[in-house]
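S.K.: One predicted model, sequence on top.
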Amino acid sequence: MFTYKIDNQISLKLVELRDADEIFSLIESSREYLREWLGWLDKSTKVEDTRDYIKMSQQMFAENRGMNAAILYDGKIVGIAGYNAIDWSNKIAYIGYWLGETYQGKGIMTKVAEALTEYAINQLELNRVDIRVAVENKKSWSIPERLGFVEEGLIREAEWLYDHHVDHAVYGMLAEAWKK
């Protein structure tokens, strides 16, 4: 099982079926907040949906196609982050993340994204890490900017969020730049 300690308060661990109730409870407590930027919330309405997500995540990890990890803050699950996909032929990891509403503003996600970038480049030996965010989601795009990612472009109408499309900004970090 994958676990990764970031600091004394924050760590990552591969999602497990026994985490389903805690993750679903976190989704429920932040549902309206998260719904603004996450298009899957209306498809996650019961704990069984979370179990299905965890099973899919475990399969993806077993097949070495990506990784979804629970973010632990003082031992409690506060969000999910990881590699939505890993493109081994082109050596690219695509980071995705979300954090419960009450855990915003503590620097948790910046540390998590930094750790995931570090791991992708130095442990997985990938050449590039991408983070794609809705252009209007300032909290989300401030993370790659803080970490020195380069804004490389815009994907118009990249995602359907319930009743409208949103554009995505693409942020990239190359291994050579990260190691400097």
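M.R.: Received the coordinates, thanks.
S.K.: where does the strand or helix carrying residue 71 sit relative to the chain's centre, distance-wise?
M.R.: For residue 71, the host element (DSSP states H and E) is strand 67-73. Between the mean C-alpha location of strand 67-73 and the chain-wide mean there is a distance of 9 Å, by CA atoms, centre = their mean, to the nearest Å.
S.K.: Pull out the buried residues from stretch 53-63.
M.R.: By neighbour count, with 16 or more other CB atoms under 10 Å as the criterion, the buried positions of stretch 53-63 are 53, 54, 57, 58, 60, 61. Backbone N, C-alpha and C define where each C-beta goes, glycine included.
S.K.: Redo these as a markdown table? Include distance to residue 142 and secondary structure.
M.R.: Compiled in a markdown table, the buried residues of stretch 53-63 are given as follows (distance: CB to CB, whole Å; DSSP: H, G, I helix; E, B strand; the rest coil):
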| residue | distance to residue 142 | secondary structure |
| --- | --- | --- |
| 53 | 26 | helix |
| 54 | 29 | helix |
| 57 | 26 | helix |
| 58 | 31 | helix |
| 60 | 28 | helix |
| 61 | 28 | helix |
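S.K.: quick revisit: the strand holding residue 71 - contacts with which helices or strands?
M.R.: Under the contact criterion of 3 or more CB pairs under 8 Å, 6 or more residues apart in numbering; DSSP states H and E, the helices and strands touching strand 67-73 comprise strand 10-14, helix 47-62, strand 76-87, helix 108-118.
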